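Novice: dropping a prediction and its sequence here:
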Amino acid sequence: MSQADLKKKALDYHRLPKPGKLSVESSKPCSTQEDLSLAYTPGVAQPVLEIAKDPAKAYDYTNKGNLVAVITDGTAILGLGNLGPLAAKPVMEGKGVLFKQFAGIDVYDIEVNAETPQDFIKVVEAIAPTFGGINLEDIAAPHCFEIEQALTERLDIPVFHDDQHGTATIICAGLINSLHLQGKKLELARIVCLGAGAAGIASMRLLVAMGAKPENILMVDRQGVIHAGRSDLNVYKQLFAHTTDRRTLSDAMRGADVLVGVSGPDLVTREMVGSMADRPVIFALSNPDPEIHPDTAKSVRQDLIMATGRSDFPNQVNNVLGFPFIFRGVLDARARHVTRDMLIAAVHALAALAREPVPRDVLAAYGLEHLEFGPDYILPKPFDTRLIERIPPAVAAAWHDS
């Protein structure tokens, strides 16, 4: 399909037969006078009084327990940058579709025109009673860290930043399986992270929580390797500032077991791939154009396991494998926070599922005859119906255990 055809098809999809991707529908009948009197006055007064006496009753008498706010300020929309909150609305609506399609969760998308992180925090804090959970989306680093931390501390409902927690969960699940296939251990792996925004920092922090050694991780931003001698680092990057004489991406990748790219297109060269350790792993997740094209990387290293963010190559790292199912578990457990143990439980559930035989209905959904755990299949497919059976219970159990 040409770019012009794709553009027209995408615009028509969003515009026709009526604009947008979400609508609000009643979950109760309202076709008689009695229905009307129960749905609104006078019947509605009864749950009002019950909730006033006990706020937890809101979960019994309203949609709060299955309603998530997908909220953005539009400062980091996909790979398109800071285009403002209104331009982010199609993405937030799309997120709502995925929540509903994959986990049966209702969503209101909310686009906030906020000049500062403090303004954004105040808005979300003020509207939080409506929801059972908050999903932050497309907020630029480092403000996203400040916003997520402040809201987590102030609210009594879970706050989840998909660009951090969701991306980190899928990356870690894929890396666990990739390293297993390559005969390597996470605690010994030398890891390079190209990109020091929300996804990169959160992924490396989760890998460390799972056993990776901080001293084995080199993070690279636009200025090069993040090292202890730099004076331009925010507090989040400082967590990964080591004493090292490596300064460039080429330096960092020499001898590395893993490259996680969450940055921009065409930043990795053939020579860099060739300098990596035996049996390397590359996650080139810049979308739509990866840090290095899979065909180029594999022409250099036949012992490579490769993943991208694209659906037209094997091993797509797709957040839809995470956020709907993680949130389903969070809501089912009525958790107040999304803990690291819950994310790690989701990682292990995802990784384990990819090692199981693939059912026929999944193969049929993707037009495949065969699929099994190996270099070209390290993560489950999004339309695998076992995801809703495995991940939410694992996440909920982790909350109860903690």
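Specialist: Received the coordinates, thanks.

Novice: quick one: the strands in the stretch 301-402 of the chain?
Specialist: 305-308 (DSSP state E, counting those that start in this stretch).

Novice: helices of that one, residue ranges please.
Specialist: Secondary structure of the stretch 301-402 of the chain by DSSP state H, counting those that start in this stretch: the helices cover 323-332, 340-354, 360-365, 387-401.

Novice: so Ile71: helix, strand or coil?
Specialist: Secondary structure, DSSP: H, G, I helix; E, B strand; the rest coil: Ile71 is strand.

Novice: circling back: hey, which of the helices of the stretch 301-402 of the chain is tucked in deepest?
Specialist: The highest average neighbour count among these, using mean count of other Cβ atoms under 10 Å, belongs to helix 323-332 at a mean of 26. All C-beta atoms are positioned from the backbone trio N, CA, C, and that covers glycine.

Novice: low pLDDT regions in the stretch 51-200 of the chain?
Specialist: Scanning the stretch 51-200 of the chain for pLDDT under 70 picks out no residues.

Novice: ok, the residue positioned nearest the centre of the chain to Thr248 distance?
Specialist: Among the residues of the chain, the one closest to the centroid is Gly166, at 2.4 Å (Cα atoms, centre = their mean). Gly166 is 30 Å from Thr248, where distance means Cβ to Cβ, to the nearest Å.

Novice: same check, this time on Asn82
Specialist: Taken as Cβ to Cβ, the span from Asn82 to Thr248 is 28 Å.

Novice: so which residues of the stretch 1-150 of the chain form helices?
Specialist: Under DSSP H, counting those that start in this stretch, the stretch 1-150 of the chain gives helices at 3-15, 33-39, 45-53, 58-61, 89-103, 117-127, 143-154.

Novice: same for whatever helix or strand comes next after the last one, what does it pack against?
Specialist: To tie it back to what came earlier, the one meant is helix 143-154. The element immediately downstream of helix 143-154 (helix or strand, assigned by DSSP states H and E) is strand 159-161. Judged by 3 or more Cβ pairs under 8 Å, 6 or more residues apart in numbering; DSSP states H and E, the packing partners of strand 159-161 are strand 133-136, helix 143-154, helix 323-332.

Novice: dump the ones you listed into JSON lines; add distance to Gly43 as well.
Specialist: Listed next are those as JSON lines, based on distance: least, Cβ to Cβ, whole Å:
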{"stretch": "strand 133-136", "distance to Gly43": "28"}
{"stretch": "helix 143-154", "distance to Gly43": "34"}
{"stretch": "helix 323-332", "distance to Gly43": "26"}
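
Novice: these: which one's closest to Ser299?
Specialist: Nearest to Ser299, of all these, is helix 323-332, at 34.3 Å by Cβ to Cβ.

Novice: contacts for that closest one?
Specialist: Here helix 323-332 makes contact (Cβ atoms under 8 Å, 6 or more residues apart in numbering) with 65-66, 68, 95, 98-99, 101-105, 132-133, 135, 158, 160, 162, 165-166, 169, 338, 342-343, 346, 387-388, 390-396, 399.

Novice: Val317 versus the residue nearest to the centre of the chain, what's the distance?
Specialist: Taken as Cβ to Cβ, the span from Gly166 to Val317 is 10 Å.

Novice: so which of the helices of the stretch 301-402 of the chain is nearest Val258?
Specialist: It's helix 340-354; of those, that one is closest to Val258 (Cβ to Cβ) at 15.2 Å.

Novice: just the angle for the closest one relative to helix 387-401, thanks.
Specialist: 150 degrees (axes from the mean of the first three to the mean of the last three Cα atoms, to 10 degrees).
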